[in-house]
Structures are given as C-alpha cells and as structure tokens.
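> Fold the following, please.
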Amino acid sequence: MFQADVYMERRKTLMERLESDLILFLGNEESPMNYGANPYPFRQDSSFLYYFGLDDPGLAALIDADEDRICLFGDDPTVDDLVWTGPRPSLAERAQSVGVSETAPATHLAERLESARRRQRRIHYLPPYRAETISRLSRLLHVSEEEAIQGASESLILAAVAQRSIKERREIEQMETAHSVTRDMHLMAMKRSVPGAHEREIAGAMEGLARSRGCALAFPTIFTKHGETLHNPWHVNVLQAGDLVINDSAAESPEHYASDITRTIPVGGVFNSRQKAIYSIVLQTQLNAIDAIRPGVEYREIHYLACLTLARGLQDEGLLQGRTINAVEAGAHTLFFPHGVGHMLGLDAHDMENLGEDYVGYTPSIQRRSDFGWKSLRLAKALETGYVVTVEPGLYFIPALIDQWRAENRCGEFICYDRLEEYRHFGGVRIEDDVEVTDNGHRVLGTPIPKTIEEVEALASA
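Okay, the predicted model is just below:
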C-alpha cells in the first residue's frame, strides 16, 4: 500500500466534496468456490483500496463528514485463525497504517448505522456489485435487496469518479509496473505461438509469468485464434500455421493497478497478404487515434476518427463502398467494429465500471448513443490531464453477425457482401495500448511492445 498520508489526503478531498452526512465503504468478503474453506483468490473492492488501501476481507469503514470522524470496522484475528493464517496485524495496527485512529468490531457497524437512521442522517454508499454485499447492505440498512441496489448515492458516485479519474503520479507508476510485466507476457506469447502449440499452454505460461513477478492478472486472459469472439474466455484450440491469434492479456500490479494490452500474432511468423492488409488498417487507425489524444478532446471524437479510418481501409479492400462518411453515419463499419475505441484504466481494467459507465464516461451533455457499435463506447467525454485510457481499435469478421445483416440487407448500399464471404473465417485483429493524457498531449505508457508488421513477424518467427 501507499503511505498513510496518501489515503488521508484522498479521504479529506472526498469529505470536502460531500461536505456532510455519512459515507459507508464496505470492503469485499471472501467468496467460496465450492465450500466455505476454499475461497476464490481475494480481490478487494477498488474504491475501498483507493480510500483505505487495506487488502483484507471483512472490513468496512464509516466516514462522518460532519464530525470529521473515521472508523474502521473489522475483527482481530483469533487464535483459531492464526493456526491457518499465521501471525496477522491487529485491526488497530492495520488502521494506523492508513491513517485511521478509531476502530470497532465488525458487529458494531450495524449499531452505528441504526443510530444514524434514527437521527435521519443520510448514509452515502457506492453501487454494490457482489451478491453478498447487496445482502449485507440490505441487512445493515433494513431495506430490501432491490432498495439496497437503488439506494446508491449519486453524489458519492460523482465525487468518487471525479477524484479517481485523475491519476496521481504514484498510480501511473503502478500501471507502468504492471505494464513491464505485461510486456514480457506478450513477448513470450509471440515467441511461443507456433504451429502445434495449444492456446492453454501459452495462456497458462503468461499467467505463471505474472504470478512469478508478484502480480495477478488484471482480467481473464483472452488468447484465441477465434478473435472474432471479442471476449473469448476459452483456450481450447491447437494453433496452426496461418492462424491469427488475438492476445488481450495483462498483469495487475501488487497494488492492484491494471495494464491492458492487445496484440495480434501470426502463427508461423508471417502474415499472409490478406492478414497484412487488415492488420495495417487497424494499426494505422490506432496510431491516428493515439496521435489525437490531448486534453479537451472528446473521446467520442477519437472513436469517430477511428471509425472513419477503419472504413476507409475497408473500402480499399473492397469490403465497403460509397462515400466514407455516409457509410459511417449509416453504421456500416460497426459490422466489423462493434465496440468502442477505448476506456478508462486504473485500479480496474475497465476503471470504475462498477460505479456505472454512464457516470465514468459520459456527462449530462454527452449522452450514450443507443445504436449498434456506438452503444458499446465506454468513454465519450472530454479528456483531462491525468486520465489514463486504452486505445484499442479492431476489425472482426463474425459469421453470425454477417449472416444476420446480409439476410436483412442491412447497409446493403455500403457493404460488399459477396466480397465479404471470402473473409468469413478470417477471425479478427485488435491492437491496444495504454495512454496517459498529459498537459500538452499524450504519452504511451511503458517500454514499447512490438506492433509493426516487421516487429511482430520477427518475434513470432524467432
């Protein structure tokens, strides 16, 4: 964790923004895989980490903005606990390490909240996303589970999003720590993507590398020759010469800050002419999008730039026709590019997504569009210095989607469906990097990870 004064300053800023009332933070609990003594690997709630830094289950915190009082709730380890876990710091020691002087047993939280309810004090909390947290809130606040979900505080959400969106230098350093491990994961994957290799072997080796460096995965690895399935979680295929593999994988730093990188690898070390053409379109789109990043630019404009660049490339390949801007306005490009060009990055790979994408990526004046493709854009609002974003355009050839659109003759004046049949089993290409918004423009995080055709082919054929 960071030094205590970091968390003290963060909490002070939050209290100044809310000014009054109570702020409740529930840390995550352990979740059993198949029985109580066999839990999933523990991951603390990211907002609890941001404001309190403590990476243990069973904790909660209550901030009284009126009285400038903060209490950490939890329990000291018992002798029975220590048999299994070894020596652990007391609750008071853990609280002191993050600048909190008041502690209380976990059971006292209900009493404190009940007292606040009797005095008709408002209790702010962030949206719960785990079933056990929803159930706990329901019991603590004496409301139904649906009411617990609906009762999340919009003012607290807005305050937390505003604060967490601007990354401190120490946070960016953590993301670059994660990036350095991620870079080695991707270099290894490029070298191991040879004919006859199993996807699971390479995905497993990348996870092992991350864990050997003291990191976890930032999200479940996507490593697949079926890149047309955008979040393909399976690693069941055997690689063959000529396959394209999408590797969307990344490490999470010991302080839980994420990186998020994607590369596309030619199995056998050489892109064929068609693969090279599609890859070149995506790479140029990504470079153009990165170059456009600077404070004040709306990210939806960068997404639109990516759409235009991809559409022009598809026209050059004979897959789209007509005036480019008209094809994009009609949504023809979304058959090939059905997601957004990027998202916020931080303590979460999709940073703060649990607080609500519309709060994180949109504003009252910049609203989410509902049409296909655009509705999946996670970030649209104007960029600010200190944001860290991903830039990840892609082109995908999804047979089920192609068939549906062709049956409807959707965008038939722009999409060359006969030509598209030749690409039915192409798969997909995605290229992604992490970018910091600086005062004067942008900076791509970390040591560069090879992505030109020449660089990728050299590594994949080594």
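> got the residue ranges for the strands in the stretch 351-462 of the chain?
388-391, 394-396, 428-430, 433-437, 442-444 (DSSP state E, counting those that start in this stretch).
> how many neighbours does the residue lying closest to A241 once chain neighbours are set aside have?
In space, and not counting its chain neighbours, A241 is closest to G268: 3.9 Å by C-beta to C-beta, 6 or more residues apart in numbering. (C-beta placed from N, C-alpha, C; glycine too.) Per other C-beta atoms under 10 Å, the neighbour tally for G268 reads 18.
> One more: I431?
I431: 23 neighbours (other C-beta under 10 Å).
> Now do the contacts for it.
262-264, 279, 282-283, 286, 392-394, 451 (C-beta atoms under 8 Å, 6 or more residues apart in numbering).
> could the strands of the stretch 351-462 of the chain be laid out in a markdown table, adding mean neighbour count, mean pLDDT and distance to R369?
Shown next, in a markdown table, are the strands of the stretch 351-462 of the chain (neighbours: other C-beta atoms under 10 Å; pLDDT from 0 to 100; distance: least, C-beta to C-beta, whole Å):
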| stretch | mean neighbour count | mean pLDDT | distance to R369 |
| --- | --- | --- | --- |
| strand 388-391 | 26 | 98 | 19 |
| strand 394-396 | 25 | 98 | 19 |
| strand 428-430 | 24 | 98 | 22 |
| strand 433-437 | 23 | 98 | 23 |
| strand 442-444 | 16 | 98 | 25 |
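> mind checking how far the residue lying closest to D371 once chain neighbours are set aside is from F337?
For D371, ignoring the flanking residues on the chain, the nearest one in space by C-beta to C-beta, 6+ apart is G331 at 5.9 Å. Per C-beta to C-beta, to the nearest Å, G331 is found 10 Å from F337.
> next one: L26
Computed with C-beta to C-beta, the distance linking L26 and F337 is 38 Å.
> wait, doesn't I265 sit right on A189?
Yes: using C-beta atoms under 8 Å, I265 makes contact with A189 at a distance of 6.8 Å.
> Would you mind listing the residues in contact with N288?
305-306, 309.
> Make TSV from the strands of the stretch 351-462 of the chain and add distance to L320 to it.
As requested, the strands of the stretch 351-462 of the chain are exported to TSV (distance: least, C-beta to C-beta, whole Å):
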stretch	distance to L320
strand 388-391	22
strand 394-396	11
strand 428-430	16
strand 433-437	26
strand 442-444	29
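> closest one to H179 among the ones you listed?
Comparing the strands of the stretch 351-462 of the chain against H179 with C-beta to C-beta, the closest turns out to be strand 433-437 (6.5 Å).
> how far out from the middle of the chain is the closest one?
13 Å (C-alpha atoms, centre = their mean, to the nearest Å).
> Okay, now the sheet partners of it, with direction.
Strand 433-437 has its sheet partners listed here by DSSP bridges as strand 388-391 (antiparallel), strand 442-444 (antiparallel).
> Quick check: E132 is in a strand.
No: E132 sits outside any strand when classified using DSSP: H, G, I helix; E, B strand; the rest coil, being helix.
> any idea how far the residue lying closest to it once chain neighbours are set aside is from E408?
Leaving aside its sequence neighbours, E132 sits nearest to E29 (C-beta to C-beta, 6+ apart; 5.4 Å). Per C-beta to C-beta, E29 is found 47 Å from E408.
> residues in contact with the closest residue to I172 other than its chain neighbours?
Leaving out its chain neighbours, the residue that sits closest to I172 by C-beta to C-beta, 6+ apart is E436, at 6.1 Å. Contacts for E436 were tallied using C-beta under 8 Å, 6+ apart; they are 167, 172, 386-388, 442-445.
> how about these in TSV, adding distance to I157?
Shown next, in TSV, are the contacts of E436 (distance: C-beta to C-beta, whole Å):
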residue	distance to I157
K167	18
I172	23
G386	19
Y387	18
V388	20
H442	27
R443	29
V444	30
L445	27
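> Can you mark which positions in stretch 310-317 are buried?
For stretch 310-317, a neighbour-count test (16 or more other C-beta atoms under 10 Å) marks 310-315, 317 as buried.
> Would you mind listing the outside residues contacting that stretch?
For stretch 310-317, the surrounding residues in contact (C-beta under 8 Å, 6+ apart) are 277-278, 280-282, 284-285, 320-321, 324, 327-328, 332-333, 336-337, 393, 395.
> If any of those are buried, give me the ChimeraX selection for them.
In ChimeraX, a selection of the buried entries from those looks like this (16+ other C-beta under 10 Å):
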select :278,280,281,282,284,285,320,324,327,328,332,333,336,337,393,395
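> Just to be sure, which of the contacts of stretch 310-317 are found in strands?
L395 (DSSP state E).
> need the helices for the stretch 1-150 of the chain, in chain order.
Counting by DSSP state H, counting those that start in this stretch, the stretch 1-150 of the chain has helices at residues 4-18, 46-52, 79-85, 91-97, 108-118, 131-141, 145-150.
> what does the third one contact?
Think helix 79-85. 77, 88.
> try 10 Å this time
With contact meaning C-beta atoms under 10 Å, 6 or more residues apart in numbering, helix 79-85 is reached by 37, 75, 77, 88.
> Now that helix: buried residues?
For helix 79-85, a neighbour-count test (16+ other C-beta under 10 Å) marks nothing as buried.
> what does the last one give?
Buried residues in helix 145-150, counting neighbours by 16+ other C-beta under 10 Å, are found at A148.
> pretty sure P32 contacts Y40?
Yes: between P32 and Y40 there is a contact under C-beta atoms under 10 Å: 7.6 Å.
> one step back: scan the contacts of I431 and report the most crowded one.
That'd be P393 among these, by other C-beta under 10 Å, with 30 neighbours.
> can you tell me how far that residue sits from H339?
P393 sits 9 Å away from H339, taking C-beta to C-beta as the criterion.
> Quickly list what's touching both of these two.
Here P393 and H339 have 303, 430 as joint contacts, going by C-beta under 10 Å, 6+ apart.
> picking that back up, overlap in contacts, I265 and A189.
Residues within reach of I265 and of A189 at once, by C-beta under 10 Å, 6+ apart, are 202, 223, 245, 247, 459-460.
> What is the distance between the helix or strand bottoming out on mean pLDDT in the chain and the centre of its chain?
Across the helices and strands of the chain, mean pLDDT, DSSP states H and E gives its lowest value to helix 79-85, namely a mean of 86. Relative to its chain's centre, helix 79-85 lies at 35 Å (C-alpha atoms, centre = their mean).
> Sweet, I'm off.
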